[in-house]
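Asker: with the input below, show me the fold.
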Amino acid sequence: MAFWKIYRKIIIAGLLAILCLISLSGCSVHPVIDSTSEKYTKTVESADGVIVKIPDYPKRIVTLTSAYDTVLLGLIDTSRIAAISSLVKYEGYSMEWEKAKQVKTQLYSYPFEKIVKLKPDLVLAPEYTSKDVIDGLRGMGIPTVVVDSGKTVESTIKNIETMAYLVGEPEKGAYYSRKIRTEIDWLQNQVNKIPEDKRRSVLFVSSMDGYTGTGSFFDDMSRYMGIYNAPSYRGYPPRISFTDERVIDMNPDYLLIPAYQTMDKGLEERFLHTPAFQSMKAMRNNHVMPVRAAYLYTSNQHIGEAMIEIVKIVYPEYIQADSIPKKF
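Answerer: All right, here's what the predicted structure looks like:
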């Protein structure tokens with residue numbers, strides 16, 4: 001009998017010890033996970049309507065477009081960028097090209113497997129990214145937020161603020177918002193002095209057919225710059241191709257060709273060496289102008305500077321370089 005009493009006490013003591021260990025391990029693990037979740041993550045609504053939990057301060061960020069890379073370079077240190085588009089390292093293409101060279105990993109495309117291997121803790125994707133890619137990244141546990149690129153100067157400002165919040169730098173977003181609006185105010189004050197009968201029409205030709213027509217981003221920029229965007233000025237519908245006949249009909253005062261290292265050779269050949277174009281105003285006045293692509297494709301924090309540079313080209317007698325404040 002004494003043996004069974006001792007044995008029963010041993011069994012009870014063992015069970016109590018096991019229960020105690022289970023209790024302690026539960027108390028020590030779960031609160032740590034919960035507190036980490038509360039302290040280091042925030043919940044945001046992606047542009048595709050999906051609720052996504054992201055780090056407060058992501059340290060391995062990837063965007064799926066070179067346009068967002070330029071914005072990112074203005075917001076954070078390059079050590080927090082896991083990879084960058086190769087395009088952004090070209091001086092003609094991005095106004096953040098020098099800083100872009102500090103990012104070692106370059107992307108020439110955005111294959112799903114390569115993005116996953118980068119192990120990003122935040123992916124920022126434009127709205128035209130394939131749903132399969134977005135769902136695949138989220139399925140792999142990678143926080144992926146869709147940011148709508150928009151087609152206006154105002155939406156550009158909003159996107160900068162949105163991305164600044166997502167990467168944990170809201171103050172930087174607020175700074176760029178103030179900077180852009182100050183530049184716009186100065187520019188508007190200058191172009192408002194230009195008489196209506198002196199306003200000029202501009203055709204920005206791009207290798208992306210229809211990219212700069214009615215309702216485009218450049219169309220919206222034109223309103224701030226006091227110029228007429230030739231396709232919308234002539235009443236052409238959005239996304240229409242610029243055939244030779246339509247270009248001749250538009251007959252712009254200025255024709256802007258994006259320049260990377262030099263002018264886009266294909267566009268240069270088309271407009272400078274096509275006999276039918278030689279009677280156009282832009283041709284007669286030698287106003288076929290190479291413009292740094294970074295100014296023309298500029299849905300980023302440099303939008304104000306870019307518009308000022310374009311206006312200097314179109315209205316050189318009204319906007320003098322030495323009249324532009326060095327700092328806004």
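
Asker: tell me the average confidence for stretch 193-208?
Answerer: For stretch 193-208, the mean pLDDT works out to 92.

Asker: same check, this time on stretch 260-274
Answerer: 74.

Asker: quick one: the strands in this structure?
Answerer: Secondary structure of the chain (DSSP state E): strands at 41-45, 51-55, 61-63, 84-85, 106-107, 122-126, 144-147, 201-204, 228-229, 254-259, 288-292.

Asker: for the ones you listed, please prepare a markdown table with the additional fields mean neighbour count.
Answerer: Quick note: C-beta positions are derived from backbone N, CA and C, even for glycine. Shown next, in a markdown table, are the strands of the chain (neighbours: other Cβ atoms under 10 Å):
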| stretch | mean neighbour count |
| --- | --- |
| strand 41-45 | 12 |
| strand 51-55 | 15 |
| strand 61-63 | 27 |
| strand 84-85 | 26 |
| strand 106-107 | 18 |
| strand 122-126 | 24 |
| strand 144-147 | 23 |
| strand 201-204 | 26 |
| strand 228-229 | 23 |
| strand 254-259 | 23 |
| strand 288-292 | 19 |
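
Asker: closest to M95 out of the ones you listed?
Answerer: Closest to M95 of those is strand 288-292 (Cβ to Cβ; 8.5 Å).

Asker: CA atoms only: put that closest one into PDB for me.
Answerer: Only the C-alpha atoms of strand 288-292 are listed here, as PDB (Å, rounded to 0.1, in the frame of the first residue of the first chain):
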ATOM      1  CA  VAL A 288      12.500  70.200 -82.700                       C
ATOM      2  CA  MET A 289      14.000  70.000 -79.300                       C
ATOM      3  CA  PRO A 290      15.700  67.200 -77.400                       C
ATOM      4  CA  VAL A 291      14.500  67.200 -73.800                       C
ATOM      5  CA  ARG A 292      15.900  65.100 -71.100                       C
END
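
Asker: will you turn the strands of the chain into JSON lines that also has distance to F271?
Answerer: Formatted as JSON lines, the strands of the chain follow (distance: least, Cβ to Cβ, whole Å):
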{"stretch": "strand 41-45", "distance to F271": "45"}
{"stretch": "strand 51-55", "distance to F271": "45"}
{"stretch": "strand 61-63", "distance to F271": "33"}
{"stretch": "strand 84-85", "distance to F271": "28"}
{"stretch": "strand 106-107", "distance to F271": "32"}
{"stretch": "strand 122-126", "distance to F271": "30"}
{"stretch": "strand 144-147", "distance to F271": "35"}
{"stretch": "strand 201-204", "distance to F271": "9"}
{"stretch": "strand 228-229", "distance to F271": "17"}
{"stretch": "strand 254-259", "distance to F271": "6"}
{"stretch": "strand 288-292", "distance to F271": "6"}
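
Asker: quick one, which of these gets closest to E161.
Answerer: Using Cβ to Cβ, these put strand 144-147 closest to E161, at 10.8 Å.

Asker: what's the end-to-end length of stretch 127-144?
Answerer: 12 Å (Cα to Cα, to the nearest Å).

Asker: hmm, I was thinking of stretch 201-210
Answerer: Start-to-end, stretch 201-210 (Cα to Cα) is 17 Å.

Asker: the strands of the chain: which one's closest to T182?
Answerer: Of all those, strand 288-292 comes closest under Cβ to Cβ, at 22.0 Å.

Asker: can you list the strands that that closest one pairs with?
Answerer: In the sheet, strand 288-292 lines up against strand 254-259 (parallel) (DSSP bridges).

Asker: all set now, cheers.
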